[in-house]
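Student: Any chance you could fold what I've pasted below:
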Amino acid sequence: MFKSFFKKNKKEKNIINEEVINEEVIDEEEIQEKEDFEETPSKAGLFSKLKSGLEKTKKGITDKVDNILKSYRKIDEELFEELEEVLITADVGVETTLRIIEDVKDKVKERKLTEVSDIRNLLKEELTEILTEVEENELNITPSPAIVLVVGVNGVGKTTTIGKLAYRFRREGKKVLIAAGDTFRAAAIEQLEEWSNRANVDIISHNEGSDPAAVIFDGIQAAKARNTDILICDTAGRLHNKKNLMNELNKIFRIVDREYSNAVKEVLLVVDATTGQNAVLQAKLFKEACDISGIVLTKLDGTAKGGVVLAVQSELKVPVKLVGVGEGINDLQDFNPEDFVNAIFE
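Tutor: Numbering: from 1, shown residues only. This next block holds a predicted model:
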C-alpha cells in the first residue's frame, strides 16, 4: 500500500517548487494595528496555548491514528501501512515516517506486544525520541553580548518573529537592539520599526535598497557603543537563486565574525509550517548556505501538517527552538519536545 500511495503522491511530495525560495511575497506578516501585548502566561497557560494551537495537527495525526487503531483487532502489516499514510500526509516526511514505522515494529517484536492499543504509546514514545535526539533546544543568548541573526525567505514570518523576540527579551530585562537588514522588500523596514516601537526597543536602519551587510555593521557598532545585551538582525529574504543567497549571507557573517567576535551567536532560520515539505527544502538550502543553529517554525496553528517538526529536526539534525502557535505576542514559544508530543496525544 505504501508503494501505491507514494506513487500516487509523487508529484505532490517529491516535486518541490524551488520558486518558493525565490518568490517575492508582497502581502506578508501584517502587523495588527490594535494588538495588545499580553501578560506573560504561566507554564500551565503556555501548555494550554500550545495544545490549542496544535489542534489541527492533533486532528491530522493523532485522531486519525486513533481511528485506525479502533478498526483493527490485531497488529499486522496492513495496520502499519495505514499508519504510514497518516504520517506522510501530515508531512512527517517519507524518510522519517519509514524510520518511525520500522522502529515501532521492532519494539512490538522486542516487547512481544499483541494489543493494538499498545501501538499508540509506541508512536508517542518514538516521536519523543526523534525530537529529543538533537540537544540544545534552548536559545543561546548568554552571556552578553549576544547577536541573533534571523534568516528566511519572504512571507514566513521573519518580521513578526523578530518583533516578538525583541519584546520577550526586553520583558526579561535585557537591553535589546534591532538591525533592519532586509532592505529589499517593500515596507520591511517600516514594519520592523513599528515592531520596535511596540516592543520599546531601538532600531538601526538604512534607506530601502541599501546594502544589508552595511546595516548589520552599523548595528554591531551601535550595540557595542550602547552596551547592548542582544542585537537582533533581520536579513534579506528576496533570494533569486542559491548563489545569491550564499553570497549575501556569507558577507553578513564575515562582518559579524570580524566586528563582533566576542558575541554569542545564534542563527535562527524561520520557516512557515503551513508549507509542509517546502519548509524542509528551504531549511536544507539555508543549511548549505550558513551555519544554522536553530529553527523557528511559524504558523503551526494554521496547519494539520505539524508533523513537519519531525521532518525538519530529524532530517537536518538542527534543533527546532521556537514555534508559533498563534498571533498573540506570547504565542511564539520555546520548543519543548515532550510538551509538543503530549499536546498532540492528549
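
Student: how about the nearest residue to V215, chain neighbours excluded?
Tutor: G181 (4.7 Å; Cβ to Cβ, 6 or more residues apart in numbering). Every residue, glycine included, has its C-beta placed from N, CA and C.

Student: V108 now?
Tutor: Looking at V108 with Cβ to Cβ, 6+ apart, the closest residue is I75, at 6.1 Å.

Student: Wasn't the one you found part of a helix?
Tutor: No. Assignment of I75 by DSSP: H, G, I helix; E, B strand; the rest coil gives coil, placing it outside any helix.

Student: what's the neighbour count on it?
Tutor: 18 (other Cβ atoms under 10 Å).

Student: roughly how far apart are it and E125?
Tutor: In this view, I75 and E125 are 16 Å apart by Cβ to Cβ, to the nearest Å.

Student: same check, this time on S210
Tutor: 51 Å.

Student: related to what we said a few turns ago, can you pull the phi/psi pair for the residue nearest to V108?
Tutor: Backbone torsions for I75, taken as degrees, to the nearest 10, come to phi -80, psi 120.

Student: My understanding was that it contacts L113; is that so?
Tutor: Yes. Counting by Cβ atoms under 8 Å, I75 touches L113, with 7.1 Å between them.

Student: continuing past whichever strand or helix holds K58, what's the next helix or strand?
Tutor: Assigned by DSSP states H and E, K58 belongs to helix 55-60. The helix or strand immediately downstream of helix 55-60 is helix 62-70, counting by DSSP H and E.

Student: Mind listing what's buried along that following helix?
Tutor: T62, K64, V65, I68, L69 (16 or more other Cβ atoms under 10 Å).

Student: How confident was the prediction at the closest residue to G306 other than its chain neighbours?
Tutor: Nearest residue to G306, sequence neighbours excluded (Cβ to Cβ, 6+ apart): T57, at 3.0 Å. Looking at T57, its pLDDT reads 89.

Student: can you pull the contacts of T57?
Tutor: T57 makes contact with A90, L300, T303, A304, K305, G306, G307, I344, according to Cβ atoms under 8 Å, 6 or more residues apart in numbering.

Student: which of those residues tops the neighbour count?
Tutor: Within the contacts of T57, most neighbours by other Cβ under 10 Å means G306, with 30 neighbours.

Student: wait, isn't that residue in contact with T89?
Tutor: No. Counting by Cβ under 8 Å, T89 is not a contact partner of G306; they are 11.9 Å apart.

Student: residues shared between the contacts of those two?
Tutor: G60.

Student: Could you find the closest non-adjacent residue to L177?
Tutor: Here the residue nearest L177, using Cβ to Cβ, 6+ apart, is T228, at 4.5 Å.

Student: just K51 next, same as before
Tutor: Nearest non-adjacent residue to K51 (Cβ to Cβ, 6+ apart): A343, at 4.3 Å.

Student: Shouldn't the one you found be within a helix?
Tutor: Yes. Secondary structure of A343 (three-state DSSP): part of a helix.

Student: Can you read off the pLDDT for it?
Tutor: 91.

Student: Distance of it relative to E126?
Tutor: Applying Cβ to Cβ, the value for A343 to E126 is 16 Å.

Student: next one: I147
Tutor: 36 Å.

Student: So the two - more neighbours on which side?
Tutor: I147 (24 against 19).

Student: what about K224, which SS state?
Tutor: When classified by three-state DSSP, K224 comes out as helix.

Student: now the residue nearest to L177, what's its secondary structure?
Tutor: Under three-state DSSP, T228 falls in the coil class.

Student: ok, now which ones touch it?
Tutor: Contacts of T228 by Cβ under 8 Å, 6+ apart are P145, K175, V176, L177, A222.
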